[in-house]
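*Asks:* this one's structure only:
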DNA sequence: TAATCGTGGCG
DNA sequence: TCGCCAAGATT
């Protein structure tokens, strides 16, 4: 049996039962694919269930507020996915009369839909033989064929896409695509692949030559930037505080946070209070207290955020804009939501 | 084109 | 503890 048929046979016996596999509704398949970009199924599953229940049709999603969508997306990361998801839902509802594009070429035009996602939807929902190439596919193909081309190079991206396309089962492209991904995820895993019981181990180059540990090859290591965040957490006697929305480019667009002063390195209180940005944001005679002496290091894929929270007690009869009991309505990054949870337990120390 | 965009699990 | 990696896309 050849490569493709073997994978499909393996898949029929070993596939995972997942809610988005019970439908060919392109809206639900699209929703699942966007959520699972660079995201493990275990992490994305509960979000899919929540979204598909709240928004069973694309028009339901289109009619929601963007902040609502971001709030529901909170904790899943890569928040531009949520904004693009909402934008595209509105576009399909308003400009395409609610009819989902049905070809790879048309799907690719949607915001947030790239080569992988267009191929997945086209093959799964419309039986178009377009091969998906995700992290699993790179690994399976690199090992099976013994390919050393870096998977994140321009050459590698083209090479692996063409190879996957040449292997696809044109009669059941959706099944093939999901088969090779599940196979990569469960059998041909990054670490400790189960080569002993693999149905294609006798024709796998990496298995034959002992290359499973080095394939696939990925070049370039990312540089991590260190940043130093000082969040100003205002507290008042009437239980209000301040939040601001992150705008412009960079991390966490559209998410909310406490007023922020970023510094080049960790600063002492004496330095912080002399800064112009501080004096601009904080009324004079406010009491300031450092919440965490040791900076919380929040790690993103390209940045380490060394974060300290400063509790700013405003003087009597002053008011901030947001009540603490409303704060949970705002979409916030995990760093902020973790702080809020911790602060709620200890806040009595600061009043 | 290479850099950037989150969060969490694993060995 | 730390680097790797996960159903990638965008600019």
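*Replies:* Arrived safely. It should be emphasised that the depicted structure is a prediction, and the values quoted were computed from it without experimental measurement.
*Asks:* measure residue A:91 to residue A:109 for me?
*Replies:* Here residue A:91 is placed at a distance of 10 Å from residue A:109 (C-beta to C-beta, to the nearest Å). The C-beta positions use only the backbone N, C-alpha and C, and glycine is treated the same way.
*Asks:* for the residue lying closest to residue A:251 once chain neighbours are set aside, grab the count of nearby residues.
*Replies:* Closest residue in space to residue A:251, ignoring its immediate chain neighbours: residue A:300 at 6.5 Å, by C-beta to C-beta, 6 or more residues apart in numbering. Number of residues near residue A:300 (other C-beta atoms under 10 Å) recorded here: 15.
*Asks:* kindly report the same for residue A:38.
*Replies:* 11.
*Asks:* separation between it and residue A:156?
*Replies:* From residue A:38 to residue A:156 the distance is 18 Å (C-beta to C-beta).
*Asks:* ok, now residue A:294?
*Replies:* From residue A:294 to residue A:156 the distance is 42 Å (C-beta to C-beta).
*Asks:* looking at the two, which is more packed in?
*Replies:* Remark: of residue A:294 and residue A:156, residue A:156 carries more neighbours, 21 against 7, as counted by other C-beta under 10 Å.
*Asks:* which residues does the host helix or strand of the more buried one contact?
*Replies:* Assigned by DSSP states H and E, residue A:156 belongs to helix A:154-167. Residues from elsewhere that reach helix A:154-167 (C-beta atoms under 8 Å, 6 or more residues apart in numbering): A:3-4, A:115, A:129-133, A:137-138, A:141-142, A:145, A:147, A:149-151, A:176, A:180.
*Asks:* swap the cut-off to 6 Å and go again
*Replies:* For helix A:154-167, the external contacting residues (C-beta atoms under 6 Å, 6 or more residues apart in numbering) are A:4, A:131, A:133, A:137, A:138, A:141, A:149, A:150.
*Asks:* please apply the same query to stretch A:119-137.
*Replies:* Applying C-beta under 6 Å, 6+ apart, the set of residues contacting stretch A:119-137 is A:24, A:26, A:29-30, A:33, A:102, A:104, A:107, A:116, A:160-161, A:164-165, A:168, A:170, A:173-174, A:177, A:180-181, A:184-185.
*Asks:* next one: that stretch to chain centre, how far?
*Replies:* 20 Å (C-alpha atoms, centre = their mean, to the nearest Å).
*Asks:* does that stretch reach DNA strand C?
*Replies:* Yes - looking at stretch A:119-137 against DNA strand C by C-beta under 7 Å from any atom of the strand, the contacts come from A:120, A:134, A:135, A:136.
*Asks:* can you check the pLDDT for whatever residue of the stretch 1-150 of chain A ends up closest to DNA strand B?
*Replies:* Ranked by C-beta to the nearest atom of the strand, the top residue of the stretch 1-150 of chain A for proximity to DNA strand B is residue A:77, at 2.7 Å. We have a pLDDT of 98 for residue A:77.
*Asks:* next, count neighbours for it.
*Replies:* When neighbours are defined as other C-beta under 10 Å, residue A:77 has 16 of them.
*Asks:* again, but for residue A:138
*Replies:* Neighbourhood size, residue A:138 [other C-beta under 10 Å]: 24.
*Asks:* what's near enough to touch it?
*Replies:* A:151, A:160, A:216.
*Asks:* run the last query once more with 8 Å
*Replies:* Contacts for residue A:138 were tallied using C-beta under 8 Å, 6+ apart; they are A:151, A:156, A:160, A:216.
*Asks:* most residues in a single helix of chain A, which one?
*Replies:* In chain A, assigned by DSSP state H, the helix with the most residues is helix A:80-95.
*Asks:* that one: what's the following helix or strand?
*Replies:* That would be, after helix A:80-95 and using DSSP H and E, helix A:104-107.
*Asks:* tell me the helices and strands packed up against that following helix.
*Replies:* Contact here means 3 or more C-beta pairs under 8 Å, 6 or more residues apart in numbering; DSSP states H and E; on that basis helix A:104-107 packs against helix A:115-126.
*Asks:* does the next helix or strand after the helix it packs on reach DNA strand B?
*Replies:* Next along the chain after helix A:115-126, taking DSSP H and E as the criterion, comes helix A:135-145. No - Helix A:135-145 does not reach DNA strand B (C-beta under 7 Å from any atom of the strand); its nearest approach is 10.6 Å.
*Asks:* which parts of helix A:135-145 are buried?
*Replies:* For helix A:135-145, burial by neighbour count (16 or more other C-beta atoms under 10 Å) applies to A:135, A:136, A:137, A:138, A:139, A:140, A:141, A:142, A:143, A:144, A:145.
*Asks:* nearest to DNA strand C, of those?
*Replies:* Distances from DNA strand C to the buried residues of helix A:135-145, taken by C-beta to the nearest atom of the strand, are shortest for residue A:135, at 2.8 Å.
*Asks:* how near is the closest one to residue A:75?
*Replies:* 21 Å.
*Asks:* any chance of the contacts of residue A:138 in CSV, with distance to residue A:243 and pLDDT too?
*Replies:* CSV is the format used below for these (distance: C-beta to C-beta, whole Å; pLDDT from 0 to 100):
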residue, distance to residue A:243, pLDDT
A:151, 41, 96
A:156, 43, 95
A:160, 44, 97
A:216, 43, 96
